[in-house]
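Asks: compute the structure for the input listed below.
(chains A, B, C and D)
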There are 2 protein chains.
Amino acid sequence: MTLEQKRPLTLRDVSEASGVSEMTVSRVLRNRGDVSDTTRARVLAAAKELGYVPNKIAGALASSRVNLIAVIIPSLSNMVFPEVLTGINQVFEDTELQPIVAVTDYMPEKEEKVLFEMLSWRPSGVIIAGLEHSDASRAMLQAAGIPVVEIMDTDGRAVDSMVGISHRRAGREMAQAILKAGYRHIGFMGTKMPLDHRARKRFEGFTEILAKNGVEIEDRAFYSGGSALAKGREMTQTMLERSPDLDFLYYSNDMIGAGGLLYLLDQGIDVPGQIGLAGFNGVELLQGLPRKLATMDACRQEIGRKAAEIIHARLSEPPKETETAITLTPTIAFGDTLKRR
Amino acid sequence: MTLEQKRPLTLRDVSEASGVSEMTVSRVLRNRGDVSDTTRARVLAAAKELGYVPNKIAGALASSRVNLIAVIIPSLSNMVFPEVLTGINQVFEDTELQPIVAVTDYMPEKEEKVLFEMLSWRPSGVIIAGLEHSDASRAMLQAAGIPVVEIMDTDGRAVDSMVGISHRRAGREMAQAILKAGYRHIGFMGTKMPLDHRARKRFEGFTEILAKNGVEIEDRAFYSGGSALAKGREMTQTMLERSPDLDFLYYSNDMIGAGGLLYLLDQGIDVPGQIGLAGFNGVELLQGLPRKLATMDACRQEIGRKAAEIIHARLSEPPKETETAITLTPTIAFGDTLKRR
DNA sequence: CGGCATGATGTTATCGCGAACAAAGCTGCG
DNA sequence: CGCAGCTTTGTTCGCGATAACATCATGCCG
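Replies: Got it, this is the predicted structure:
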């Protein structure tokens, strides 16, 4: 910690300060190769004294090794993806890999843009949400020649490998459970989902099973933006006024479901006797509501962890073979709002 | 998009494919300098055809310009920091700056580690949560010679500049509001906060005002981990059993506050008549509860935006001077749980 | 028609580090 | 004493791009 210098420090500065070659300094700082204890100590002392921070840009260029893993997700605005990130972080924690995150806002063009941007840093791997990408994005992923894990969803073909759940199946199972519990007049509420392919797939699986059983969704509503809890409340009210005969409400996520639940309880409506409810995601945040909302865990942290593990395995020396498709199986949590027969 | 090649593409490949020098290709791809329209078109065609992705590592080394901004935050597990990130993203969206995020889990040693790690990529700026850092971290920030914005908190001295709110004042104001409303028997619930300096400061400000008015916190409880909503519920129950005379509960965040609120409503307790409640953060998520919890907005997105704007201004050419301390003033949202006289 | 500004392209020298190879010190043993 | 065989340290070159400067064509003017 000496005087301010304008010129940033380089290996050369450390090497001069400690009286050895740059190469030796480099070796010491990377714990690579044989260096005697005395010089090691001298070098470390000098580096610390100067406050030297290695330049990974130069290092990466010289060694063509980069410890960055690109993580591309659609949003940070609900807890879903932060939880996935937490899972990823947990695994990379003990490795030298470093996730770098970019957000696409569910827009394919933006996905393409940030993917290009990230690949230009030559990361060693990519974790990207979803299986639906533009042709250009897919081409870039393929051409990058690095491990790619597509996460969240396994209903489709992966570029390389994938970790997630089957949202179609999740929708189907929930439909089955609802029908089995005896509900027949079903309403659906969710986000506008032209680009949320996973919500769409759940919805498709859901209606598929209903159709097979001669049941149709009797009312539906979509929202975007705003506080999900409040939206759930409003939409539920509106829908019930419009369609008073409904006996079940299926929500595309737990937050709006919780809003609906709170509204119904306020109104003194018997849940799940008169109306049953279910959401999706299993957000832990919501444990603690007056009644537990029926839901289905999306295995978010687990997905993050598994994806990170695949990347790590594929990059280890020698590279380990890994599964190319991991489908986790979420189970229904019936909670208190989906009565079982 | 031709055959798979093992060797990654370089400028040279594009230059050969288009029959011009590497330099010209570089100019085209960066929109820099004069290039004739015909060669520009040829080069772009070749680049696209090959699927060339520039190597920013090499570019950064050569130009010593890096478009990365290091963002260092303690956690992703509640909505606070994701919202800050959203604010940051909004601003950087229209610039060429790219945030890269790292998480410290509220651990100073880890902060030091990730800071070192990030600085080794020679980012052009740093946004880091909090004003409390190890000496080493502070030294690194200082020596990096780049704009540094410390966010969330303005009770203290910044290395360079800061954007946030005064948590001490937030605590004080809430205490004043509570006293003014006539409550005198106050309980506190929060996270264990040895390392959450902001929660600590709020608490200090809070007790300071109480003390000045001859009031003491009559009961307190701390938690860590688990679902905040459920914890709020449990803790509130426990505390009220232990201290039935309390007439106000101050929670260190909205989630546990909401848990407490739901519990009290369940019990048929009159809120805010018999017991008043307040939280902290103004999480939008919670709009939609049966009663609106009194809270105080922490200006999270705004903080992110302002911080990003400072960085952007400082890096513009020519650099703009910016304020070195921006203190946002959160206002109390009384909601339905803090009755006003 | 020469001269010179202007536009379009090419050349050369880095940037800071690490890989690969080269050289120098040290040890022990015949 | 000399040399093999190690450990420790140093040298050279190149990673893939950009800055700065050099060069070559073109056109316009007096």
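Asks: residues from the stretch 101-250 of chain A in reach of chain B?
Replies: Proximity of the stretch 101-250 of chain A to chain B (Cβ under 8 Å from any Cβ of the partner chain) is limited to residues A:101-103, A:116-117, A:119-122, A:139-140, A:143-145, A:227-233. C-betas here are computed from N, CA, C, even on glycine.
Asks: can you select the buried ones from these in PyMOL?
Replies: To isolate the buried ones among those in PyMOL, judged by 16 or more other Cβ atoms under 10 Å in any protein chain shown, type:
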select buried, chain A and resi 101+102+103+117+119+120+121+122+140+143+144+227+228+229+230+231+232+233
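Asks: so does the helix or strand harbouring residue A:25 get close to DNA strand D?
Replies: Under the criterion DSSP states H and E, the helix or strand holding residue A:25 is helix A:22-30. Yes - for a cut-off given as Cβ under 7 Å from any atom of the strand, helix A:22-30 has contacts with DNA strand D, namely A:22, A:23, A:24, A:27.
Asks: buried among the residues you listed? Need that as a selection in PyMOL.
Replies: In PyMOL, a selection of the buried entries from these looks like this (16+ other Cβ under 10 Å):
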select buried, chain A and resi 24+27
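Asks: which of the residues of helix A:22-30 next to DNA strand D sits closest to residue B:158?
Replies: Relative to residue B:158, the closest of these is residue A:22; by Cβ to Cβ it sits at 35.6 Å.
Asks: the closest residue to DNA strand C within the stretch 201-341 of chain A and residue A:65, how far apart?
Replies: In the stretch 201-341 of chain A, the residue that lies nearest DNA strand C is residue A:317 (11.9 Å; Cβ to the nearest atom of the strand). Distance of residue A:317 to residue A:65, computed by Cβ to Cβ, to the nearest Å: 11 Å.
Asks: need the residues of the stretch 1-150 of chain A near DNA strand D, please.
Replies: A:20-24, A:27, A:33-36, A:38-39, A:58, A:61-62, A:64.
Asks: any idea which of these has the most stuff around it?
Replies: Using other Cβ atoms under 10 Å in any protein chain shown as the neighbour test, these are led by residue A:24, with 21 neighbours.
Asks: give me every residue that touches that one.
Replies: Contacts for residue A:24 (Cβ atoms under 8 Å, 6 or more residues apart in numbering or on different chains) come out as A:15, A:35, A:39, A:43.
Asks: so which of the residues you listed sit within helices?
Replies: Restricting these to those inside helices, with DSSP state H as the criterion, leaves A:15, A:39, A:43.
Asks: can you redo those residues as a markdown table with distance to residue A:258 and pLDDT?
Replies: Formatted as a markdown table, the entries for the ones in helices among the contacts of residue A:24 read as follows, by distance: Cβ to Cβ, whole Å; pLDDT from 0 to 100:
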| residue | distance to residue A:258 | pLDDT |
| --- | --- | --- |
| A:15 | 61 | 91 |
| A:39 | 62 | 88 |
| A:43 | 58 | 91 |
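Asks: which of those residues lies closest to DNA strand C?
Replies: Among those, residue A:15 lies closest to DNA strand C (Cβ to the nearest atom of the strand), at 8.6 Å.
Asks: that closest one: neighbouring residues, count only.
Replies: Here the neighbour count serves as a burial measure; for residue A:15 (other Cβ under 10 Å) it reads 19.
Asks: dump the residue contacts of it.
Replies: Neighbour list for residue A:15: A:21, A:22, A:24, A:25 [criterion: Cβ under 8 Å, 6+ apart].
Asks: who's in contact with the first one?
Replies: It stands for residue A:21. By Cβ under 8 Å, 6+ apart, the neighbours of residue A:21 are residue A:15.
Asks: briefly note if stretch A:24-41 comes near DNA strand C.
Replies: Yes - residues of stretch A:24-41 are located near DNA strand C by Cβ under 7 Å from any atom of the strand, namely A:26, A:29, A:30, A:32.
Asks: pLDDT score assigned to the second one?
Replies: It refers to residue A:29. pLDDT, the model's per-residue confidence, is 93 for residue A:29.
Asks: can you pull the pLDDT of residue A:331?
Replies: In this model, residue A:331 carries a pLDDT of 89.
Asks: that one contacts residue A:296, doesn't it?
Replies: Yes - with contacts defined as Cβ atoms under 8 Å, residue A:331 counts as touching residue A:296 at a distance of 7.2 Å.
Asks: one step back: so the residue of the stretch 201-341 of chain A closest to DNA strand C: helix, strand or coil?
Replies: coil (DSSP: H, G, I helix; E, B strand; the rest coil).
Asks: distance check, it against chain B.
Replies: Using Cβ to the nearest Cβ, to the nearest Å, we find residue A:317 at a distance of 18 Å from chain B.
Asks: please apply the same query to residue A:306.
Replies: Relative to chain B, residue A:306 is positioned 18 Å away (Cβ to the nearest Cβ).
Asks: and that residue, its phi and psi?
Replies: The phi and psi values for residue A:306, taken as degrees, to the nearest 10, are phi -60, psi -40.
Asks: how close does the spatially closest residue to it that is not a sequence neighbour get to residue A:145?
Replies: Sequence neighbours aside, residue A:163 is the residue nearest to residue A:306 in space, at 4.6 Å (criterion: Cβ to Cβ, 6 or more residues apart in numbering or on different chains). Counting by Cβ to Cβ, the separation of residue A:163 from residue A:145 is 20 Å.
Asks: show me chain A divided up by domain.
Replies: A:11-54, A:68-166+A:300-328, A:167-298 (automatic domain parsing).
Asks: right, and those - which one's nearest residue B:185?
Replies: Minimum separation from residue B:185 across the domains of chain A (Cβ to Cβ) falls at domain A:167-298, 24.6 Å.
Asks: in the stretch 151-300 of chain A, what residue comes closest to DNA strand D?
Replies: residue A:160 (21.9 Å).
Asks: the nearest residue to that residue once chain neighbours are set aside - how many residues pack around it?
Replies: For residue A:160, the nearest residue in space outside its immediate sequence neighbours is residue A:148; the separation is 3.9 Å by Cβ to Cβ, 6+ apart. The local packing of residue A:148 (other Cβ under 10 Å) involves 23 other residues.
Asks: identify the bridge partners of residue A:148.
Replies: Applying DSSP bridges to residue A:148 gives these bridge partners: residue A:126.
Asks: just to revisit the earlier point, in what helix or strand does the residue nearest to residue A:306 lie?
Replies: strand A:161-165.
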